[in-house]
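Novice: Next come a sequence and a model predicted from it.
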Amino acid sequence: MKAGIKKTLIIFIPIFVAFFLSIFSLIINIKNKGGILSLSVGSVSSLIINLFTLERMTPNVRYFTISDSIFMLLLLSVFAILLLNVYVIKQGREGRISKNLILLRNYTFLFFVILIPLVVYYVIY
C-alpha cells in the first residue's frame, strides 16, 4: 500500500531546501563571511537534525532505502561545500584569495547544480 505524496514531500522537501541553501552559499560575495558560514553551517545542522525525522518515518530495514541514499548524497555534498567555504574564508582572512579560488567556487556551484539532480533522478528511477 502506497503512503501517498504527503509523506514523500515531508521527507524530501526539507532535505532539498537545506541542500539548495548550501549551494547558494557558493554564490554569495566572499566579503560576506557571516552569510556564507551561516548558510553552510545551518544546512549541515538542519540535515543532521532531519536525520532523526527520517529515522522515525522510514521502515526499519537492514539496507539503504532510496531516501537514505539521497540523504547521504546530499549530506556529503553539503559537508563538502562547508569545507570549501571554510577554506575560502580562511584564505580571505590571510589575504591570499585568488581568482582561481573564486573560479573553484563558481565551478563547484555549477557542478552541484547540474550533477545532484541528475544523480537523484538516477537513484529514484
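Specialist: Nice, thanks for sending it over.
Novice: Surely Ile11 is in contact with Ser67?
Specialist: Yes: contact status for Ile11 versus Ser67: in contact at 5.3 Å, counting by CB atoms under 8 Å. Bear in mind the C-beta positions are built from the backbone N, C-alpha and C, glycine included.
Novice: Can you work out which residues contact both of those two?
Specialist: The overlap between the contact sets of Ile11 and Ser67 (CB atoms under 8 Å, 6 or more residues apart in numbering) consists of 54, 58.
Novice: Could you list every helix and strand in contact with the host helix or strand of Val123?
Specialist: Val123 belongs to helix 99-124 when assigned by DSSP states H and E. Using 3 or more CB pairs under 8 Å, 6 or more residues apart in numbering; DSSP states H and E, the elements in contact with helix 99-124 are helix 5-24, helix 66-93.
Novice: among those, where is the model least confident on average?
Specialist: Among the helices and strands packed on helix 99-124, helix 5-24 carries the lowest mean pLDDT, a mean of 88.
Novice: Now that helix - C-alpha only, CSV.
Specialist: Taking Å, rounded to 0.1, in the frame of the first residue of the first chain, the C-alpha atoms of helix 5-24 are listed here in CSV:
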residue,chain,number,x,y,z
ILE,A,5,2.7,12.0,-1.7
LYS,A,6,2.4,13.7,1.7
LYS,A,7,5.0,11.6,3.4
THR,A,8,7.3,11.7,0.5
LEU,A,9,7.2,15.5,0.5
ILE,A,10,7.7,15.6,4.3
ILE,A,11,10.9,13.6,3.8
PHE,A,12,12.4,15.2,0.7
ILE,A,13,11.4,18.9,0.8
PRO,A,14,13.5,19.8,3.9
ILE,A,15,16.5,17.9,2.6
PHE,A,16,16.5,19.7,-0.7
VAL,A,17,15.8,23.1,0.9
ALA,A,18,18.9,22.6,3.1
PHE,A,19,20.9,21.5,0.1
PHE,A,20,20.0,24.4,-2.1
LEU,A,21,20.7,26.9,0.8
SER,A,22,24.1,25.3,1.0
ILE,A,23,24.6,25.7,-2.8
PHE,A,24,23.5,29.3,-2.7
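Novice: Okay then, goodbye and thanks.
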